[in-house]
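Novice: no sequence on this one, just coordinates:
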């Protein structure tokens with residue numbers, strides 16, 4: 001799929017570059033024609049808009065570029081925490097890989113794991129339990 005999306009985006013870019021070049025050439029020719037007409041007559045030249053084919057080419061090339069960019073995007077992750085957490089529990093990190101097996105670079109897993117793995121994070125209940133077990137072992141040995 002990346003080849004198709006890159007090819008589509010590149011093709012749309014070439015069409016857009018051609019449309020821009022055509023618009024520039026048309027504008028240059030019209031300004032030259034207006035300057036020539038102004039020297040021959042004293043009446044001001046009317047402004048000429050771009051031809052319809054250049055406008056259509058610009059719109060179509062923009063849509064083709066958008067199509068290529070949409071084809072290149074990864075599937076969206078769930079927005080709701082309960083859906084995301086359920087997917088993590090059911091599928092693990094494998095649930096957040098793209099079709100080629102490459103892991104999603106934005107995979108976070110548990111968003112609170114950063115808080116839980118901080119060196120200065122203290123789980124008081126766990127420490128209290130460990131201390132109680134240590135005290136019980138110490139009193140049982142005496």
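Specialist: Great, that's in hand. The structure displayed is predicted, hence computed values, not measured ones.

Novice: what's the neighbour count on residue 68?
Specialist: 19 (other CB atoms under 10 Å). The C-beta positions use only the backbone N, C-alpha and C, and glycine is treated the same way.

Novice: repeat for residue 58
Specialist: 18.

Novice: Help me confirm that it comes into contact with residue 17.
Specialist: No. With contacts counted by CB atoms under 8 Å, residue 58 stays clear of residue 17, the gap being 10.6 Å.

Novice: How is residue 48 assigned, secondary-structure-wise?
Specialist: Secondary structure, DSSP: H, G, I helix; E, B strand; the rest coil: residue 48 is coil.

Novice: what about the residue lying closest to it once chain neighbours are set aside, helix or strand, and which?
Specialist: The shortest distance from residue 48 to any non-neighbouring residue, by CB to CB, 6 or more residues apart in numbering, is to residue 30 (5.0 Å). Assessed by DSSP states H and E, residue 30 sits inside helix 2-40.
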